[in-house]
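Participant: fold the following for me, if possible:
(4 chains)
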Number of protein chains: 2
Amino acid sequence: MSLPYAVLGILTYSPMTGYNLGKIFNKSVNYSWTASLSQIYRELGILEKKGYVLSDIQQQDDKPNKKIYHITNDGKRAFDEWLTDFPEFFSAPKRDEFTLRLFFGSKVGAVELIKQFKRFIEERQNFKQMMVEGKKTLTEMIKNAKKNETELSIQQDEIFWHFIVKRALMTNQMLIQWAKECITELEAMLSQEKQRSE
Amino acid sequence: MSLPYAVLGILTYSPMTGYNLGKIFNKSVNYSWTASLSQIYRELGILEKKGYVLSDIQQQDDKPNKKIYHITNDGKRAFDEWLTDFPEFFSAPKRDEFTLRLFFGSKVGAVELIKQFKRFIEERQNFKQMMVEGKKTLTEMIKNAKKNETELSIQQDEIFWHFIVKRALMTNQMLIQWAKECITELEAMLSQEKQRSE
DNA sequence: AGGGCCATGTAACCTGTTACATGATTGA
DNA sequence: TCAATCATGTAACAGGTTACATGGCCCT
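Facilitator: Numbering: from 1, shown residues only, chains lettered A, B, ... in the order given. The predicted model follows:
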């Protein structure tokens, strides 16, 4: 539902190849949206049929030829329409394997779950570090993609990217806090059980 | 990937109809997992072919007949295997329309975005209220589904459901905080712009 | 010599959404 | 009387994942 607009939106910054688009997507995985390369290639094909993008082939001798996509006026119009048409409800359906397993936590056992919570915290701490480095690369990548333009327009975007990064970091911090509290409660439960059996 | 196990997991509590399963799923939407009724009916069909569940038809004169599904030993084994086989990474791919639009925030404009952030906060505050009431119903529903059993086994589950509810509430609170901070930053930006243009 | 990056996609499959079809009971 | 709840599903479609296929350059 959003993928075509995400693709169009990226192309408003600069014409680029499907491969390049994939790179930007996969950098923004950590922030808000994921898409695989094959998905992007397929989507670009659909968008071209609709007349929302056009492509030019750029010959290259040393590397495979590039197919550079750029957005058309029709595409821009479609994107703008989507952009300003905010959905009535914001919350997306959640599907989270870990929480699902937690739902059946009594069948897993507290000892095992404490282990898993600790792994969970570790993963989150690694993510935190990645984010600090990751923010730079996204900005740089878009700068690279539009070498010929001024940097002024990117500057305007930075506050919004900062919002997204902030959200990701806050979410992360909150989840670490949550996991720690769960561990504490589970350990309390375990020591109570021990006392009762003694 | 997880849907079949979610279905099997619910059926370990008690045999029930597809309709009933759907109810439980839709109550747990707010917590961790969503599935539509049609998805559940299809999945039950697949699970029956695999021999993970079996069904008995219960005649009813006043209402449509019930098809009551129960889990088989094979099904239990498959569920247990999944349950104890935690994935290497916990984080699920994120697809969030609101954050995606934020990514292109400079094209939306600060004034419009402040409006949207306020709607976002409102939705979250409504959600908060729903959760407080919602927790009871899930517990009650499972109690209803297994009238004939003791309440002891549900008691063991409650700590884990409490973890899930807690996570949802913490996420919610954090998002409200985030949105408020974003509004503050956007308003600061707007007043700066005004000053410059005067 | 082997893996990673650049660069293109296709095809099969799995999962999720939406719309349709049917029909009785119960409460506002 | 009209909507909601109980109860079953099917069919078409949309979106996402995984595997396959090709091939040269660059760095270790």
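Participant: which single residue of chain A ends up nearest DNA strand D?
Facilitator: Distances from chain A to DNA strand D, computed as CB to the nearest atom of the strand, single out residue A:38 as the nearest residue at 3.6 Å. C-betas here are computed from N, CA, C, even on glycine.
Participant: okay, now that residue: neighbour count?
Facilitator: In terms of burial, residue A:38 registers 10 neighbours under the definition other CB atoms under 10 Å in any protein chain shown.
Participant: may I ask which helix or strand of chain A has the lowest mean pLDDT?
Facilitator: When the helices and strands of chain A are scored by mean pLDDT, DSSP states H and E, helix A:110-145 comes last with a mean of 81.
Participant: rewinding a little: so which strand or helix has the residue of chain A closest to DNA strand D?
Facilitator: Take DSSP states H and E as the rule and residue A:38 turns out to sit in helix A:37-50.
Participant: now the element after that helix, going C-ward?
Facilitator: Using DSSP H and E, the helix or strand that follows helix A:37-50 in sequence is strand A:53-58.
Participant: any idea of the mean pLDDT in that next one?
Facilitator: Mean pLDDT, taken over the full extent of strand A:53-58, equals 90.
Participant: around DNA strand D, pick out the residues from chain A.
Facilitator: Within chain A, the positions near DNA strand D by CB under 7 Å from any atom of the strand are A:1, A:2, A:3, A:34, A:35, A:36, A:38, A:39, A:42, A:62, A:63, A:64.
Participant: pull the number of nearby residues for the second one.
Facilitator: Just to be clear, that refers to residue A:2. Once other CB under 10 Å is used to define contacts, residue A:2 is seen to have 18 neighbours.
Participant: okay, now the unreliable bits of chain A?
Facilitator: Under the criterion pLDDT under 70, the flagged ranges of chain A are A:29-30, A:61-63, A:133-154.
Participant: so what are the domain limits for it?
Facilitator: The record's domain split for chain A, according to automatic domain parsing, is A:3-84, A:97-197.
Participant: straight-line length of the shortest one, end to end?
Facilitator: Put plainly, it is domain A:3-84. For domain A:3-84, the separation between the terminal residues is 16 Å (CA to CA, to the nearest Å).
Participant: check whether it comes near DNA strand C.
Facilitator: Yes: contact check for domain A:3-84 against DNA strand C, using CB under 7 Å from any atom of the strand: residues in range are A:17-20, A:23, A:37-38, A:41-42, A:44-45, A:60, A:63-68.
Participant: selecting buried members of those residues in ChimeraX, what would you type?
Facilitator: Those of these that meet the burial criterion (16 or more other CB atoms under 10 Å in any protein chain shown) are gathered into one ChimeraX selection, given here:
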select /A:17,18,20,23,44,66,68
